[in-house]
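1. Next comes the sequence, and after it the predicted model I'd like to discuss.
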Amino acid sequence: MASKWNGKPCHLCGAGRLRDRVKTITQEYKGHRFSSKTRGSFCDHGADGFVEFDAAEEAAWLAFRDRVDAAEAADLIRIRKKLKLTQIQAAQLAGGGKNAFSRYERGQAKPVAAVINLFRLLDRHPELLDDLKAG
Ligand SMILES: [Zn+2]
């Protein structure tokens, strides 16, 4: 069934016409790209358009973000263990309270980018941990 926009002039740019079609749209989450075929009414002149809400597509996007978050949490666990830190010691380095790390690792809280970046740096340069402890 055609959408209510199909064939109408595009009032977003004023130059094109909207046409129903499926377009591949790529979104990014924490540096990971997710592409999905999105149904909507898109301008034939520019990049404007209206996207139809699609519950399955929305669920796929949320599942994708969950997978990225879970991989990040798994990475934090791996790095913390490699550095031989307890969750409490890791939280002392990262800030956010003594339970912060256990919450990150269980997926109950999302660490800010600085925490991820710090542990990825320590993963590559574990000797820097001594500098932090000395401080
Ligand atoms: Zn347009």
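-> Alright, I've got the coordinates.

2. Checking residue 21 next. Helix, strand or coil?
-> In three-state terms, and counting by DSSP: H, G, I helix; E, B strand; the rest coil, residue 21 is strand.

3. how close does it sit to the ion?
-> 14 Å (C-beta to the ion, to the nearest Å). Using the backbone N, CA and C atoms, a C-beta is placed for each residue, glycine as well.

4. what's the answer for residue 73, then?
-> 41 Å.

5. That residue sits in which helix or strand?
-> Under the criterion of DSSP states H and E, residue 73 resides in helix 55-82.

6. Using neighbour counts, pick out the buried residues of that helix.
-> For helix 55-82, the neighbour count (16 or more other C-beta atoms under 10 Å) marks 57, 64, 69, 72-73, 76, 79-80 as buried.

7. How far away from the center of its chain is it?
-> Distance, stretch centre to chain centre, for helix 55-82: 8 Å (C-alpha atoms, centre = their mean, to the nearest Å).

8. same deal with stretch 81-91?
-> In terms of C-alpha atoms, centre = their mean, the centre of stretch 81-91 is found 25 Å from the chain centre.

9. what does it rub up against?
-> Contact with stretch 81-91 is made by 76, 80, 93, 97-102, 105, 119, 122-123, 126, 129, as judged by C-beta atoms under 8 Å, 6 or more residues apart in numbering.

10. Next step: those residues restricted to helices.
-> Under the assignment DSSP state H, the contacts of stretch 81-91 contribute 76, 80, 93, 100-102, 105, 119, 122-123, 129 to helices.

11. Quick one: the residues you listed as a markdown table, columns for distance to the ion and pLDDT too.
-> Output for these, formatted as a markdown table (distance: C-beta to the ion, whole Å; pLDDT from 0 to 100):
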| residue | distance to the ion | pLDDT |
| --- | --- | --- |
| 76 | 44 | 96 |
| 80 | 50 | 97 |
| 93 | 50 | 92 |
| 100 | 46 | 94 |
| 101 | 48 | 93 |
| 102 | 50 | 94 |
| 105 | 46 | 94 |
| 119 | 44 | 97 |
| 122 | 48 | 97 |
| 123 | 46 | 98 |
| 129 | 54 | 94 |
